[in-house]
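A.B. asks: Using only what follows, build the 3D model:
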Amino acid sequence: MQEGIRMRRWFAAFATLAVGACTIIPDSKPPSPLEPVPEAAVPSASYLEISKGQRVGALDIGREDADQALAAFVASCDWLTRKEDRSGLTVPTDWEPACTAARTWPYNGGRAFFEGYFEAARISDGKAFATGYFEPEIDGSRTRRPGYDVPVYRVPDDLVRGWPDEIPESERTGRAPLGRIDGNGRHVPYYTRAEIEDGSLAGRGIEIAWAKDPIEMFFLQIQGSGLLRLPGGEIMRIGYAGQNGRGYTGIGGVMRERGLIGDGPGQYPGSMQGIVRYLRENPEEGRALMRSNESWIFFRELTTDGPLGSLGIPVRRGNSVAVDPNFVPYGAPVWLDLDRDVADGLWIAQDTGGAIKGANRFDTFWGNGGDAAEIAGAMSARGEALVLLPVGVVDRLNARQPPR
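C.D. replies: Sure thing, here's the model as predicted:
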C-alpha cells in the first residue's frame, strides 16, 4: 500500500524528492512519488539470514501501542491462518495459537499477549528504511457539474490480461500483461494517461465521481485512495481498484533530470510544494509533465471506515504498515526503532505498495486530516526493524537447509 482542500496539506506531505485474459483486480497501491522502485536482490526472506532479536518483553512497547496493535492483529488473523505466506517464513498453522488466543484476549492486555506468543526475528541485518503515506482529501462530486470536470473512473470492462501476438509461447510465463483487445482481435497495451485524459474512456458511463482539480486528482491517484469532499459537505471515500498496466514515472525525478529542481533561477524546491508550484505556474508544461507518468489508477467507492489495505481490511493510523510481502508476512507484527521517534513502536503489516520492495522497507500509514499529511510527508526514517513471529519459528527456519 494513501489533502486540503488538500493542497494545503500536500505542501507538507512529501517533504523531499527521491532519496527516490481476465479482468484486472490488482492488490497493491501504486508507487510512492518520492521513491525509486528498487529491485530486491533475492526473491524472498527465505533466502536471507534470519536471527533472533531481543526478547519481546525487552522492547519498549507502550501499553496503548500494544493494545491498538492487538486489535489490528486480530483483524489480520483470517488472512494469517488461511493464506500462503509469500515470504516463506511461516505457514498458516504457525499463526493459529496466537490468533485463537487473540480473539478472546482482553483488549487492554496487548503487551502480555505479544510477549507470550511471539519472538523477535531480524531479517538480514535488520536495517530499516521507512516512509509514510496518508489518505488525501480533495473536492469532488458524484455527478458532473460546473467546475468538476476531472473524471474518477471505475475499472473498465475491457481492461484484461492477455499475451500480445509477438510474445512467443515459450516466453509466456507468469501473469500475462494488462491491455485490451483491439478491433483486429489482438491484445495491445491499454490506453495511456494522455489517451484517457483526451477522452478514450469518455461516454462509457464508468465515472463514479468527478474531481475539481486535476493536479489534486493526479496526486490522489499516486496515494491510491482518498476522500472526496462533496458540494453538500458529505464525504465519499474511494479506494484503489485497478491500474491501466502502464509504467509509473515519478515526475519529481523527471524534474530533477531536467534541471528544474534546485535553488537557482527558474528552479523549484525539491518538495511537494515545489512540484505543485511548478505545475501551477507552468500549466502547459505541467500537464505534459504529468502525462509523462502513463500510469492511470481506477477506483471504487468504499463504505468502510478507512481505506482498504492489501488484506481487504481498513488500515489504521499508527497501526498499519505497508511491507513487501515477499519479506514480511502479511498480518505480522513489526517493531520499528527509527530516527523519527513518532514512528517507533509496534505496527501490523496490512498493506503493500509499488515502491515497497525488499527486506526492511516499510511505509507507515498516518490516516487523514489533522497532521496526517505533515507526518507522512516528513517520514524518511532509518533505524532497526524486527518482525515478530510465532514462538519457535526462528529455530525452525535456522534448522532447515537454505533454499536454492
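
A.B. asks: Report the buried residues of stretch 90-102.
C.D. replies: T90, D94, W95, A98, C99, A102 (16 or more other CB atoms under 10 Å). The C-beta positions use only the backbone N, C-alpha and C, and glycine is treated the same way.

A.B. asks: Switch the residues you listed over to a markdown table; also include secondary structure, pLDDT and distance to R82.
C.D. replies: Shown next, in a markdown table, are these (DSSP: H, G, I helix; E, B strand; the rest coil; pLDDT from 0 to 100; distance: CB to CB, whole Å):
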| residue | secondary structure | pLDDT | distance to R82 |
| --- | --- | --- | --- |
| T90 | coil | 98 | 13 |
| D94 | helix | 98 | 13 |
| W95 | helix | 98 | 10 |
| A98 | helix | 98 | 14 |
| C99 | helix | 98 | 10 |
| A102 | helix | 98 | 15 |
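
A.B. asks: and those residues as TSV, adding distance to A376?
C.D. replies: As requested, the buried residues of stretch 90-102 are arranged in TSV below (distance: CB to CB, whole Å):
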residue	distance to A376
T90	29
D94	32
W95	29
A98	30
C99	30
A102	28
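
A.B. asks: Okay, now the unreliable bits of the chain?
C.D. replies: Scanning the chain for pLDDT under 70 picks out the ranges 1-40, 401-404.

A.B. asks: What number of residues are in the vicinity of E195?
C.D. replies: 16 (other CB atoms under 10 Å).

A.B. asks: distance of it from G259?
C.D. replies: Separation of E195 from G259 (CB to CB, to the nearest Å): 29 Å.

A.B. asks: With S225 instead?
C.D. replies: Relative to G259, and taking CB to CB, S225 is found at 33 Å.

A.B. asks: Which of these two has more residues huddled nearby?
C.D. replies: S225 (28 against 10).

A.B. asks: Give me the three-state assignment for E119.
C.D. replies: strand (DSSP: H, G, I helix; E, B strand; the rest coil).

A.B. asks: Also G266?
C.D. replies: coil.

A.B. asks: Could you tell me which residues make contact with the closest residue in space to it that isn't next to it in sequence?
C.D. replies: Leaving aside its chain neighbours, G266 sits nearest to L260 (7.5 Å; criterion: CB to CB, 6 or more residues apart in numbering). Contacts for L260 (CB atoms under 8 Å, 6 or more residues apart in numbering) come out as G266, Q267, Y268, Y278.

A.B. asks: now T192
C.D. replies: Taking CB under 8 Å, 6+ apart, one finds N244, R246, R291, E294, W296 in contact with T192.

A.B. asks: Let me have these in CSV, adding secondary structure as columns.
C.D. replies: Converted to CSV, the contacts of T192 look like this (three-state DSSP):
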residue, secondary structure
N244, coil
R246, coil
R291, helix
E294, coil
W296, coil
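
A.B. asks: Count the residues that sit near R316.
C.D. replies: Quick note: R316 (other CB under 10 Å) scores 21 neighbours.

A.B. asks: and if you look at the one 3 residues further on?
C.D. replies: Around N319 sit 22 other residues, with neighbours defined as other CB under 10 Å.

A.B. asks: Assess the claim that it and Q68 are in contact.
C.D. replies: Yes - using CB atoms under 8 Å, N319 is in contact with Q68, at 5.2 Å.

A.B. asks: ok, back up a step: top of the contacts of T192 by neighbour count?
C.D. replies: N244 (25 neighbours).

A.B. asks: was I right about it contacting S295?
C.D. replies: Yes - applying CB under 8 Å as the test, N244 and S295 come out as touching, 6.5 Å apart.

A.B. asks: shared neighbours, these two?
C.D. replies: R193.

A.B. asks: Can you lay out the contacts of T192 as TSV showing distance to Q54?
C.D. replies: Supplementary listing: those in TSV, determined by distance: CB to CB, whole Å:
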residue	distance to Q54
N244	46
R246	45
R291	50
E294	46
W296	45
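
A.B. asks: Greatest separation within the residues you listed: which pair is it?
C.D. replies: N244 and R291 (13.0 Å; CB to CB).

A.B. asks: Mutual contacts of those two, please.
C.D. replies: T192, R193.

A.B. asks: so who does A194 touch?
C.D. replies: R291, E294.

A.B. asks: Assign a three-state SS to it, would you?
C.D. replies: Classified using three-state DSSP, A194 is helix.

A.B. asks: just the strands in the stretch 151-300 of the chain please.
C.D. replies: 160-161, 178-181, 187-188, 207-211, 225-229, 235-243, 297-302 (DSSP state E, counting those that start in this stretch).

A.B. asks: Any idea which of those strands gets closest to I348?
C.D. replies: Among the strands of the stretch 151-300 of the chain, strand 225-229 sits nearest to I348 (CB to CB), with 17.9 Å.

A.B. asks: Paired strands for the closest one, with orientation please.
C.D. replies: strand 137-141 (parallel), strand 235-243 (antiparallel) (DSSP bridges).

A.B. asks: Would you map the helices across this protein?
C.D. replies: Secondary structure of the chain (DSSP state H): helices located at 7-13, 63-80, 92-102, 110-117, 193-197, 214-223, 251-257, 272-281, 283-291, 372-378, 393-399.

A.B. asks: can you put those helices in TSV and add distance to Y240?
C.D. replies: Shown next, in TSV, are those (distance: least, CB to CB, whole Å):
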stretch	distance to Y240
helix 7-13	18
helix 63-80	18
helix 92-102	26
helix 110-117	30
helix 193-197	16
helix 214-223	9
helix 251-257	19
helix 272-281	20
helix 283-291	19
helix 372-378	17
helix 393-399	31
